[in-house]
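[1] I would like the atomic coordinates for the input below:
(one chain, ligands or ions: 1)
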Amino acid sequence: MEELRQATNNFDMDNTIGHGSHGTVYTGLIKDMPVVIKREWCSPQPRFLDEVHTNKKLVSYIQHKNLVNLLGYCCDDENQSLVFEYMVNGSVRDYLESSDLTFKKRISIALDAAKGLLHLHNLDPPVQHKRFTASKVLLDANLNAKVSDGAMLGLLQASDIHLANPRGGSEETIDVYSFGLFLLELITCQNPGLLQSDYEVLQWNIPAETFTRPSFQAYLIITSECLEYPPINRPKMDVVVTELETIYLNVISENHEVSLGSELFNITIE
Ligand SMILES: Nc1ncnc2c1ncn2[C@@H]1O[C@H](COP(=O)(O)OP(=O)(O)OP(=O)(O)O)[C@@H](O)[C@H]1O
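    I've put the predicted structure just below:
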């Protein structure tokens, strides 16, 4: 705990980078490495901490390049502090507010996030995220995306501490539905949770020159499949990953054609 106090200047407000429903998020340096410390993520859960402590293998099992990895934990009488890798560009939700991303970059973010969720679903036993949103997808310096809280939830579920299911429905399909909402937010830059009615018209918000109709249509199709009712009709995350990979490859080849076209055009003008 002393190390965390030093890293955050005794949990100084100046070191705060965010607030979640479970507590405050601080940044700090531990052994010269930038980290994020979530304090009071939930009240201390001895079974969870036992699990982390006794089952180091489980911790590495849950790690993945598209999950924000848990680096450490600390618990005192009143608080629980969890240490994570620092994702310098923050959450996709915040990032979308301030930046124009190309369609290709958005697909690559979607693909990274889908792979993070798929890793959780492929664990044995499978782990459901259940609270997946654009604020749970974080971006590193190169805009690679990682799903946050996944490793945490994996450990909680492994230690048999079950979280409430906020949306109802069958567990396997809740993450897929949430992922569909995330895909919608990625192109509209609007938080679907804040829409006033089911019929509110959404407008996408992508630089027009960065996408073509077929790829965009394919994106809308996989989005609507993720949001299907009844839930049993939704695709599994491995299908979503494959679809997004195909769209990504198509976007790369479309970009190539566009640049080839503009080169030919330049030659004609000369
Ligand atoms: N590892 C991290 N690296 C960088 N920023 C982070 C990291 N973890 C969290 N944050 C920032 O802190 C904010 C709060 O995160 P947190 O996960 O506690 O809450 P939330 O996802 O916003 O909401 P809730 O957990 O209440 O549903 C995030 O939106 C993000 O901006």
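
[2] I247 looks like it's in a helix, true?
    Yes. Judged by DSSP: H, G, I helix; E, B strand; the rest coil, I247 forms part of a helix.

[3] Count the residues that sit near it.
    The number of residues packed near I247 is 24, by other CB atoms under 10 Å. C-beta: built from backbone N, CA, C; applies to glycine.

[4] pull the CA atoms of stretch 230-241 into PDB?
    As requested, the backbone C-alpha atoms of stretch 230-241 are provided in PDB (Å, rounded to 0.1, in the frame of the first residue of the first chain):
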ATOM      1  CA  PRO A 230     -34.400 -12.900 -30.000                       C
ATOM      2  CA  PRO A 231     -30.900 -13.100 -28.500                       C
ATOM      3  CA  ILE A 232     -30.400 -16.600 -29.800                       C
ATOM      4  CA  ASN A 233     -30.100 -15.200 -33.300                       C
ATOM      5  CA  ARG A 234     -27.100 -13.100 -32.500                       C
ATOM      6  CA  PRO A 235     -23.700 -14.300 -33.800                       C
ATOM      7  CA  LYS A 236     -21.000 -15.700 -31.500                       C
ATOM      8  CA  MET A 237     -17.900 -13.500 -31.000                       C
ATOM      9  CA  ASP A 238     -15.800 -15.700 -33.200                       C
ATOM     10  CA  VAL A 239     -18.100 -14.900 -36.100                       C
ATOM     11  CA  VAL A 240     -18.000 -11.200 -35.300                       C
ATOM     12  CA  VAL A 241     -14.200 -11.300 -35.300                       C
END
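
[5] near the ligand, which residues of the stretch 101-250 of the chain show up?
    131, 135-136, 138, 148-149 (CB under 6 Å from any ligand atom).

[6] where does the stretch 1-150 of the chain have low pLDDT?
    Flagging of the stretch 1-150 of the chain using pLDDT under 70 yields the residue ranges 41-61, 77.
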